[in-house]
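Colleague: Turn this into a structure:
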Amino acid sequence: MDSTRRDSSRLSDTAIRQEGSRFGATHVTGGSLFQGNFVGLTINSTASARPEYAGQFSHATLAPVKAFVERDILHDQIRTRLNNHGANGGTRTIVVWGLGGAGKTQLVLDYVRRHRPEYRATFWLEAGRKESLERDFVHLYHTLFGLHAAAGAEAATVSVEDAVTGVKSWFSGRQGPWLIVFDGADAIDDSEASNFINISHFIPNVASLHVIITSRSSTAADMTEVKGVQVGEMEEAQAAELFHQYSGLPREVVEIADEVRAITKELGHLALAVTLAATYVGSTPRLQSDIKAYLPEYRRRRRRRELLRRKPESLLHQYDESVLTTWETSYQAVADRCPEAAVLMTILSFLSFDDIFLALFNTDDQSRDSRDRVEAGVESTENYTVEDEAGTSWRHIVSPERILDVYKIEECFAVLQRYSFVRWKADQQSYAMHELVHAWGHDRLDEEEQWKFSQATFGLVVEAVGNCESTPGEKLRMVPHMMTNFAALTSASSGKGRVTKYLLYEVERLREFLDDLGRWGEVGVIKRFILTWSRQILGDEHPDTIGAMNNLAATLGDQGELDEAVKMMKEVLKKQRRILGDEHPDTILAINNLAATLRDKGELDEAVKMMKEVLEKWRQILGDEHLYTKTATQKLARLIHLQKYRDRAILIPNRKLDRLEQLLQVKWRK
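Modeller: Residues are numbered from 1 along each chain as shown. All right, here's what the predicted structure looks like:
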């Protein structure tokens with residue numbers, strides 16, 4: 001539960017006045033800003049340092065949190081790596097890194113609490129900003145050298161550089177062990193950044209000194225010899241325990257415990273998010289009495305954004321930033337370093353949060369080929385190419401000034417990984433995002449931006465499908481990304497009249513892709529979308545709309561939703577009879593499809609009646625020897641047999657024959 005503390009929460013009896021662009025001269029007036037005991041004489045600014053200091057130094061009181069769930073695996077990693085790594089006999093430094101809100105600060109606070117007796121002194125320095133770190137070093141210098149002015153006396157003055165040099169000299173030649181924590185050091189890995197902190201300049205190099213740096217930067221972990229500790233999601237049991245502690249909900253009630261686990265899973269087991277959610281539940285009587293009401297409330301996009309932005313007053317002394325503020329700060333840092341990476345991160349929020357593989361981002365073809373759309377009869381005004389509609393292409397949105405290549409995409413991912421927005425999963429050879437970061441990347445946009453990015457990412461998905469390798473495994477990797485983007489596209493287009501015939505054509509391509517994989521559930525979702533928008537764009541009587549209805553009805557039948565399938569097929573047949581006439585092949589095929597579904601539903605009398613009509617019409621039009629006629633004869637015979645022995649019959653849908661008929665329908669139409 002990571003945080004940057006407010007100055008307003010500091011000890012109130014201290015005033016700080018800093019001057020110059022680098023705060024070269026810093027004046028400290030008032031009482032002391034430290035915890036612990038001194039051993040030595042009172043000396044002035046020109047005197048030597050105090051011979052000893054024992055206790056704990058920090059700018060703010062490091063009070064224990066109301067509830068903390070120990071994370072023993074991470075704690076043991078810190079302890080083992082600090083104590084086992086002593087190759088050069090000097091300072092041992094470890095970086096504890098992870099996404100904002102993962103719980104880095106609280107983890108290290110717990111480490112300090114547990115092991116404080118093992119150190120002669122501990123020092124907690126706030127490294128979130130260059131100014132706060134320099135301020136803390138000046139305070140530490142005054143503390144170690146006894147330069148605190150008496151009431152009404154002139155304040156001692158010391159430059160930052162003198163303070164740093166003095167603090168380092170104090171550690172030199174003394175016996176530890178000591179522990180220094182640099183908390184929130186997020187800007188320590190890019191010397192070109194305006195807020196860059198050269199953290200090594202502030203670290204004494206002496207024996208018996210342990211240093212812990214907390215940072216959101218993954219690359220900061222590579223700056224030290226000791227392997228860093230990554231703080232990610234909490235374990236399921238840990239997250240549930242944390243929620244129970246802050247919410248006050250009983251653990252022994254099974255229904256409540258199950259719902260708490262569901263909530264923490266929805267929050268991605270992120271420490272700060274779990275803490276804020278539980279605090280909200282604990283202070284809301286409505287939710288105390290009905291915890292099942294929380295998730296429906298949270299899942300509403302606007303409400304979710306409000307809940308994640310909350311900063312409960314009871315936690316302000318522990319967590320100055322909400323989840324969203326924490327991430328917005330990191331997002332701005334990404335944008336400053338690499339604008340393309342910031343935009344790509346938004347694109348990722350419209351794909352699946354897991355298994356984000358580089359082949360998704362085709363950088364070989366820099367323009368969309370419109371040949372297929374022309375062949376499909378789509379008007380040229382609706383060819384959503386990069387050239388015709390600059391700004392809707394995902395490439396143009398990510399990088400409007402230059403052509404994207406694989407090296408730029410890799411650079412973008414490296415920047416996002418640096419700030420812990422994505423992580424590399426070696427077992428999958430792909431990246432992943434935290435679920436909550438993924439949702440935030442979408443929720444932070446207004447409606448117009450959501451439509452823009454959902455449409456652009458849809459183009460990316462269509463390209464990736466077209467370039468996908470033919471192996472089933474590679475095709476199946478595409479499905480989560482397709483359906484996540486399709487859900488976003490559906491939501492963004494709802495009621496806005498934004499869907500065009502071109503878009504429906506591209507959606508149909510995805511439907512064919514899923515159909516080939518046998519993903520009937522996803523196929524049904526897409527077919528409903530096509531039918532809904534075909535009705536709005538083309539009208540209820542258009543042949544394409546009727547065809548979309550027939551396709552959806554067939555899928556519903558495959559899924560066993562026979563009542564809805566029969567209802568839809570009857571509507572299709574009614575329209576075909578009225579528009580095309582009773583003798584049209586499409587009308588006859590509609591009768592055939594309805595008869596097959598009625599058979600599956602067990603309505604054999606009606607099925608026999610319809611199949612007789614099918615057989616009679618095929619005989620009249622095609623003759624007795626045509627495959628359609630022979631197939632209809634076989635089906636009718638089988639139906640009559642089932643009808644005769646219906647009490648003993650077990651009705652099993654004959655999908656193999658139905659698939660043959662579908663192929664014949666395609667051949668007939670051609």
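
Colleague: Now name the helix or strand holding Ile94.
Modeller: For Ile94, the host element (DSSP states H and E) is strand 92-97.

Colleague: List the strands paired with that strand, with their directions.
Modeller: Note on strand 92-97: by DSSP bridges, its sheet partners are strand 209-215 (parallel), strand 229-230 (parallel).

Colleague: what sits up against the longest one?
Modeller: So that's strand 209-215. 2, 78, 82, 90-97, 104-105, 108, 111, 119, 127, 171, 176-186, 188, 199, 203, 220-221, 224 (CB atoms under 8 Å, 6 or more residues apart in numbering). Just so you know, the C-beta spots here come from the backbone N, C-alpha and C atoms, and that holds for glycine as well.

Colleague: Sticking with Gly101, tell me its helix or strand.
Modeller: Using DSSP H and E, no helix or strand contains Gly101.

Colleague: surely it meets Ala271?
Modeller: Yes: the criterion here is CB atoms under 8 Å, and Gly101 meets it with Ala271 at 6.5 Å.

Colleague: Mind pulling up the pLDDT for the residue nearest in space to the middle of the chain?
Modeller: Nearest to the mean C-alpha position of the chain, by CA atoms, centre = their mean, lies His438 at 2.0 Å. pLDDT for His438: 86.

Colleague: if I look at it, how far off is Trp394?
Modeller: Counting by CB to CB, to the nearest Å, the separation of His438 from Trp394 is 17 Å.

Colleague: repeat for Gln576
Modeller: For Gln576 relative to Trp394 (CB to CB), the value is 40 Å.

Colleague: likewise Val479?
Modeller: Val479 sits 19 Å away from Trp394, taking CB to CB as the criterion.

Colleague: coming back round to it: can you give the distance from the strand holding Ile94 to the centre of its chain?
Modeller: 26 Å (CA atoms, centre = their mean, to the nearest Å).

Colleague: Stretch 525-541 too?
Modeller: Using CA atoms, centre = their mean, the offset of stretch 525-541 from its chain centre is 31 Å.

Colleague: tell me which residues in it are buried?
Modeller: Buried residues in stretch 525-541, counted by 16 or more other CB atoms under 10 Å: Val525, Ile526, Lys527, Phe529, Ile530, Leu531, Thr532, Trp533, Ser534, Ile537, Leu538.

Colleague: isn't the second one right next to Ala487, touching?
Modeller: Right, Ile526. No: assessed by CB under 8 Å, Ile526 is found out of contact with Ala487, at 10.7 Å.

Colleague: Now do the same for the nearest residue to Asn551 once chain neighbours are set aside: its pLDDT.
Modeller: Nearest residue to Asn551, sequence neighbours excluded (CB to CB, 6 or more residues apart in numbering): Lys527, at 5.5 Å. Confidence at Lys527, expressed as pLDDT, is 89.

Colleague: Where does Lys527 sit, in terms of helix or strand?
Modeller: When elements are assigned from DSSP H and E, Lys527 belongs to helix 520-538.

Colleague: Go ahead and name everything in contact with that helix.
Modeller: In contact with helix 520-538 (CB under 8 Å, 6+ apart) are residues 479, 482-483, 486, 490, 497, 499-501, 503-504, 507-508, 510-511, 514-515, 542, 544-545, 548-549, 551-552, 555-556, 558-559.

Colleague: Buried ones only from those residues, please, as a PyMOL command.
Modeller: Restricted to buried positions by 16+ other CB under 10 Å, the PyMOL selection for these reads:
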select buried, resi 479+482+483+486+490+499+500+501+503+504+507+508+510+511+514+515+544+545+548+549+551+552+555+556+558
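
Colleague: any idea where the helices of the stretch 51-200 of the chain begin and end?
Modeller: Using DSSP state H, counting those that start in this stretch, the helices of the stretch 51-200 of the chain run over 72-84, 104-115, 130-145, 160-171.

Colleague: about what we covered before: give me the subset of the contacts of helix 520-538 lying in helices.
Modeller: Members of those lying in helices (criterion: DSSP state H): 479, 482-483, 486, 490, 501, 503-504, 507-508, 510-511, 514-515, 544-545, 548-549, 551-552, 555-556, 558.
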